[in-house]
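> no FASTA, just this:
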């Protein structure tokens, strides 16, 4: 079969694209290796050779697919760039099946240490790094105080959104994103 | 049996105390209605009459047991009171089985809408209220700006800790608690 001779990297990209699209269209409930195989044109055997489990493939496909949506702009204005990215992130979680997918992945990871390690290494860790890098660039531009720990800011912007996703006492929306940014940029005490 | 004649409220309190103690000692893995019955002196039939499920009993027992640990002081100094409570909260999550218990409850709640509703109504909702009330008292004392939304502050202090509990890319500890407070009280931008 001609298909078998395609370079592995090309097959890998096709499978990830198909996996991510399927996941965001139907959520984990509709996500099977069979369907990814059918939609990517790769064989199930090939897919099982490249990924250790369905969860690992789903995670990587998800990461690959949402990556462009969650890119960090750098216009030189930290407040504006954080706002743009945080609003895109909230829309992804609320307007697409990404919300239920991420809820399911984080829940499953509490019981499955292998999935948790993969989630940290392949998804949350690299995404934190992009945010920390943007905040550090802001610090170099004089927009963030020298004593601020950038990692903790990540938990107060994106982490706070994950908290509302998982424990929905209050709405996760654009208003919330703006409140988070206002609190952390200006502080809540009188200036 | 003399025991059967005790007022329901008294039995209820004994069962909740036993359930909370068992849960914090052994986690969900060791938590059974049989053991709660044995340790509280109530019958399994009585327990099943008072709670719809093992999860509901665990949740309420947990809430009752951690309530005094998580009380909100009001000394008039908002920064100090938030710090004291937030540090106690972090210690509870990291130094006792409360961490794994809460991870398990939140994970299970993503798949079980009845548990999620109970968690919001009986645990996270009332706890948010205590925090919001303390922040509003701080606002009346001139320690919080008029335009700040107190609910979003809750997600940036306690929610950020839940985020590190569930997605442990970075440590959940006292240093983190202080960073969260510093960011949100003073803001991260130069004053």
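Yep, that arrived. Keep in mind that this is a model prediction, so the values were computed, not measured.
> for the closest residue to residue A:125 other than its chain neighbours, phi and psi?
Spatial nearest neighbour of residue A:125, chain neighbours left out: residue B:169 (5.5 Å); criterion: Cβ to Cβ, 6 or more residues apart in numbering or on different chains. From N, CA and C alone the C-beta is placed, and that goes for glycine too. Here is the backbone geometry of residue B:169 (degrees, to the nearest 10): phi -70, psi -30.
> try residue A:52
Taking degrees, to the nearest 10 as the convention, residue A:52 sits at phi -70, psi -20.
> so for the residue nearest to residue A:125, what's the pLDDT?
Note on residue B:169: pLDDT of 98.
> before we move on, which element is residue A:132 in?
Counting by DSSP states H and E, the element that carries residue A:132 is helix A:125-140.
> burial of residue A:25, as a residue count?
Residue A:25: 11 surrounding residues under other Cβ atoms under 10 Å in any protein chain shown.
> do I have it right that it meets residue A:97?
Yes. Applying Cβ atoms under 8 Å as the test, residue A:25 and residue A:97 come out as touching, 6.9 Å apart.
> distance of the residue nearest to residue A:125 relative to residue A:151?
Using Cβ to Cβ, to the nearest Å, we find residue B:169 at a distance of 8 Å from residue A:151.
> common neighbours of these two, please.
Residues touching both residue B:169 and residue A:151 (Cβ atoms under 8 Å, 6 or more residues apart in numbering or on different chains) are residue A:128.
> residue A:82: which element?
For residue A:82, the host element (DSSP H and E) is helix A:78-95.
> next SSE after that helix?
Counting by DSSP H and E, the next helix or strand C-terminal to helix A:78-95 is helix A:98-111.
> how about residues contacting stretch A:136-148?
With contacts defined as Cβ under 8 Å, 6+ apart, stretch A:136-148 is touched by A:74, A:76, A:78-79, A:135, A:150, B:182-183, B:186, B:188-191.
> now with 10 Å?
Residues from elsewhere that reach stretch A:136-148 (Cβ atoms under 10 Å, 6 or more residues apart in numbering or on different chains): A:72, A:74, A:76-79, A:81-82, A:135, A:150, A:153, A:184-185, B:179, B:182-183, B:186-191.
> show me what the one helix or strand residue A:16 maps to packs onto, helices and strands only.
Assessed by DSSP H and E, residue A:16 sits inside helix A:8-26. Secondary-structure packing of helix A:8-26 (3 or more Cβ pairs under 10 Å, 6 or more residues apart in numbering or on different chains; DSSP states H and E): helix A:33-40, helix A:44-50, helix A:54-66, helix A:98-111.
> ok, and does the last one reach over to chain B?
In this case it means helix A:98-111. Yes. Helix A:98-111 is in contact with chain B by Cβ under 10 Å from any Cβ of the partner chain, via A:100, A:102-111.
> give me the distance from the helix holding residue A:82 to the chain's centre.
Helix A:78-95 has its average C-alpha position 12 Å from the chain's average C-alpha position, going by Cα atoms, centre = their mean, to the nearest Å.
> give me the neighbour count for the nearest residue to residue A:185 once chain neighbours are set aside.
In space, and not counting its chain neighbours, residue A:185 is closest to residue B:189: 5.3 Å by Cβ to Cβ, 6+ apart. A count of nearby residues for residue B:189, using other Cβ under 10 Å, gives 17.
> surely residue B:189 touches residue A:183?
No. Contact criterion Cβ atoms under 10 Å: residue B:189 and residue A:183 do not qualify, at 11.7 Å.
> quick revisit: what helices or strands is the next helix or strand after the helix holding residue A:132 leaning on?
Note on helix A:125-140: by DSSP H and E, the next helix or strand toward the C-terminus is helix A:150-154. Applying 3+ Cβ pairs under 10 Å, 6+ apart, one finds that helix A:150-154 contacts helix A:125-140, helix A:174-186, helix B:160-166, helix B:174-186.
> let's see that with 7 Å instead.
Under the contact definition 3 or more Cβ pairs under 7 Å, 6 or more residues apart in numbering or on different chains; DSSP states H and E, helix A:150-154 sits against helix A:125-140, helix B:174-186.
> can you add distance to residue B:45 and give the helices and strands packed on helix A:8-26 back as CSV?
Formatted as CSV, the helices and strands packed on helix A:8-26 follow (distance: least, Cβ to Cβ, whole Å):
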stretch, distance to residue B:45
helix A:33-40, 47
helix A:44-50, 50
helix A:54-66, 41
helix A:98-111, 31
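> low-confidence bits of chain A, can you list those?
A:1-5 (pLDDT under 70).
> what residues go with each domain of it?
A:2-63, A:67-186 (automatic domain parsing).
> tell me the most buried of the ones you listed?
domain A:67-186 (a mean of 18; mean count of other Cβ atoms under 10 Å in any protein chain shown).
> measure that one end to end?
Start-to-end span of domain A:67-186 (Cα to Cα, to the nearest Å) is 29 Å.
> what does stretch A:137-154 give?
Using Cα to Cα, the end-to-end distance of stretch A:137-154 comes to 14 Å.
> chain center to that stretch: distance?
Its chain's C-alpha centre and that of stretch A:137-154 lie 22 Å apart, by Cα atoms, centre = their mean.
> what do you get for stretch A:84-98?
So, by Cα atoms, centre = their mean, the centroid of stretch A:84-98 is 10 Å from its chain's centroid.
> and for stretch A:182-191?
27 Å.
> swap in stretch A:135-155?
Here stretch A:135-155 is found 21 Å from its chain centre; the criterion is Cα atoms, centre = their mean.
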